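Novice: Sequence first, predicted model second:
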Amino acid sequence: IFIKGPSGCGKTLLMMHCAIACIDSGYIPIFIAAKDFIGQFKNLLDKELGLLCNQSLSELVKVSQVLSRGIIVFLDGYNECSTALQSQLTRSLRAFSLRYNARIVISSQQCVVRDDLLSFNEVYVKRPTHEFKLSLSRVRETNDSFQHLLSLLEAANSGLEAALIGQIGLSLSTNASKFVIFETYARKRLKEFAQKGIQLLSILASYLVQRARFSISVREFDRLCDTHAIEYEVKQAISESNLLQQRGDIVSFSHELFFLTFSAESVMRANYNDAEK
């Protein structure tokens, strides 16, 4: 299955719901992020399994065969895989599917490179409706600020924006852009470490953009912090804010819309007062 749709429309949420449902149907789902693929598909699966248990992929396959339970790989965010590796990722999915008779579910904003290798049923996830955004924000007509929040929700393009507006909408102007929404949320989460925290998030976003990547290793992240003299307390505040996520030894933004926001912030900081740049 190929799940396609714009950023923040709920593709990952849909995939997680499907993966959990597959457990109840007697399958073994493996949920992985495409941004963590660096060329070795088996290593990616082994790392993901290692976060859950001490089994390797080979051991899991044996267990699935003994229990007669099929494996389904859920690959989230195909578009976040390095462009140079996307063709290799598609071939890896094809090989894994044939070798282990596994099923594949992919989510992406873009089409799959070499989609001729995989036969898909395509599902398109649309942007959230007004009613759905209202539900996600948990805004009620009884609120004194209902009209103000309603105008913000009408401009929101994603479910994530709607959820954040429900939390911080009162501190936003009526014409707040998505960048203002996400930065304001980040400041609220970081509290007294907001200034230094946003500086680090902007530095990280710039570092990733310059290298055309969506994630870095924990070691690279630590070195980046050391280079810019970021205090431990700031790193801890960011860790607790959930603006970044760490899976195993990989660090990345918790959502691509946060990555987009701080990429823009890094450009503004690097070219301050120079409109031409």
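Specialist: That came through, no problem. Here the structure is a predicted model, which is why all the values come from computation and not from measurement.
Novice: drop to CA atoms for contacts and neighbour counts, all remaining ones
Specialist: Will do.
Novice: Tell me where this protein has strands.
Specialist: Taking DSSP state E as the criterion, the chain carries its strands at 2-4, 28-33, 71-76, 103-108, 122-124, 215-217, 244-247, 250-253.
Novice: got these as TSV, with mean pLDDT, mean neighbour count and distance to Gly169 columns?
Specialist: Shown next, in TSV, are the strands of the chain (pLDDT from 0 to 100; neighbours: other CA atoms under 10 Å; distance: least, CA to CA, whole Å):
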stretch	mean pLDDT	mean neighbour count	distance to Gly169
strand 2-4	97	21	29
strand 28-33	94	19	31
strand 71-76	97	22	29
strand 103-108	97	22	29
strand 122-124	95	13	29
strand 215-217	93	19	30
strand 244-247	92	16	22
strand 250-253	94	20	22
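Novice: Same list (those strands) but as TSV, adding distance to Leu13.
Specialist: Converted to TSV, the strands of the chain look like this (distance: least, CA to CA, whole Å):
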stretch	distance to Leu13
strand 2-4	11
strand 28-33	12
strand 71-76	10
strand 103-108	10
strand 122-124	14
strand 215-217	20
strand 244-247	16
strand 250-253	16
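Novice: which stretches of this protein have low pLDDT?
Specialist: 143-144 (pLDDT under 70).
Novice: State which helix of it is the longest.
Specialist: helix 194-210 (DSSP state H).
Novice: So which other helices or strands are in contact with that helix?
Specialist: helix 178-190, helix 218-227, helix 232-241, helix 256-270 (3 or more CA pairs under 8 Å, 6 or more residues apart in numbering; DSSP states H and E).
Novice: Would you tell me which of those helices gets closest to Phe96?
Specialist: helix 256-270 (27.1 Å; CA to CA).
Novice: Mind listing what's buried along the closest one?
Specialist: Residues of helix 256-270 classed as buried under the neighbour-count rule (16 or more other CA atoms under 10 Å) are 257-263, 265-266.
Novice: So which residues make contact with that helix?
Specialist: Residues outside helix 256-270 that contact it (CA atoms under 8 Å, 6 or more residues apart in numbering) are 7-8, 178-179, 182-183, 198, 201-203, 205-206, 209, 243, 253.
Novice: Among those residues, which one has the most neighbours?
Specialist: Of all the contacts of helix 256-270, Ala205 has the most neighbours under the rule other CA atoms under 10 Å, reaching 26 neighbours.
Novice: contacting residues around that residue?
Specialist: Neighbour list for Ala205: 259, 262-263, 266 [criterion: CA under 8 Å, 6+ apart].
Novice: hang on, Arg187 packs against Ala194?
Specialist: Yes - with contacts counted by CA atoms under 8 Å, Arg187 reaches Ala194, the gap being 4.9 Å.
Novice: Those two: which has the busier surroundings?
Specialist: Taking other CA under 10 Å, Arg187 and Ala194 do not tie; Ala194 has more neighbours (19 against 16).
Novice: Do I have it right that that one meets Tyr185?
Specialist: No - with contacts counted by CA under 8 Å, Ala194 stays clear of Tyr185, the gap being 10.2 Å.
Novice: out of the buried residues of helix 256-270, who's nearest Phe37?
Specialist: Phe259 (18.0 Å).
Novice: could you measure the closest one against Arg91, distance?
Specialist: To Arg91, Phe259 is 28 Å away according to CA to CA, to the nearest Å.
Novice: Return the residues in contact with Ala186.
Specialist: Residues near Ala186 by CA under 8 Å, 6+ apart: 194, 198, 241, 243.
Novice: which one of those sits closest to Cys225?
Specialist: Ile198 (12.6 Å).
Novice: do you know how far that closest one is from Leu243?
Specialist: According to CA to CA, Ile198 stands 10 Å off from Leu243.
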